[in-house]
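[1] I would like the atomic coordinates for the input below:
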Amino acid sequence: MIPSDGFARRVAAVRQALADVRAQSQDAWMAELAARQDPECELAVWEAIALAFGAFFDRRGPGGQARLQALRVLADCAAGRSELEIRATAYRALSAGDIQELIAHYRAAVTAADEIRQRRGVD
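    Model prediction:
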């Protein structure tokens, strides 16, 4: 069950931020999230990924393959893989510095999201 109308707006924002690397319709995003045990928590993860992705590419040009690999790095972060495990993966379009920066952006996004949820009184 989807928590609120605001949820759909948040999904749309994530969808827009990741449209070139995760092309799905709004309905597909909503259905995928609704199927999760905790749609709100899953959306929070995707919001952190989208925020980190945007922060990383704000100062860069398009990037093609780098964009896809950046999404994979961020998904690995969200899945709980260690920094060491992530760095051991062969990401040819990303440098070690890029990977480190993506991880830092993800951690910052998660921290910001946690602070927002605390202010809202959401676990």
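[2] In this structure, where is pLDDT below threshold?
    Counting by pLDDT under 70, the ranges of the chain that qualify are 1-3, 61-62, 117, 120-123.
[3] The same query, at a cut-off of 80, please.
    In the predicted model, the chain carries pLDDT under 80 at residues 1-5, 59-63, 113-123.
[4] Centroid-nearest residue for it?
    Closest residue to the average C-alpha location of the chain: Ile49 at 1.3 Å, with CA atoms, centre = their mean.
[5] Could you check how far the residue lying closest to that residue once chain neighbours are set aside is from Asp27?
    Excluding its sequence neighbours, the residue lying closest to Ile49 (CB to CB, 6 or more residues apart in numbering) is Leu74, at 4.5 Å. C-beta here means a position set from N, CA and C on the backbone, and glycine is covered the same way. As judged by CB to CB, to the nearest Å, Leu74 and Asp27 stand 24 Å apart.
[6] Ala79 now?
    According to CB to CB, Ala79 stands 25 Å off from Asp27.
[7] for Phe57, same thing?
    Here Phe57 is placed at a distance of 26 Å from Asp27 (CB to CB).
[8] quick one: Ala96 and Thr89 touch, right?
    No: Ala96 lies out of contact with Thr89 (CB atoms under 8 Å); the separation is 11.4 Å.
[9] That concludes my questions; thank you for your assistance.
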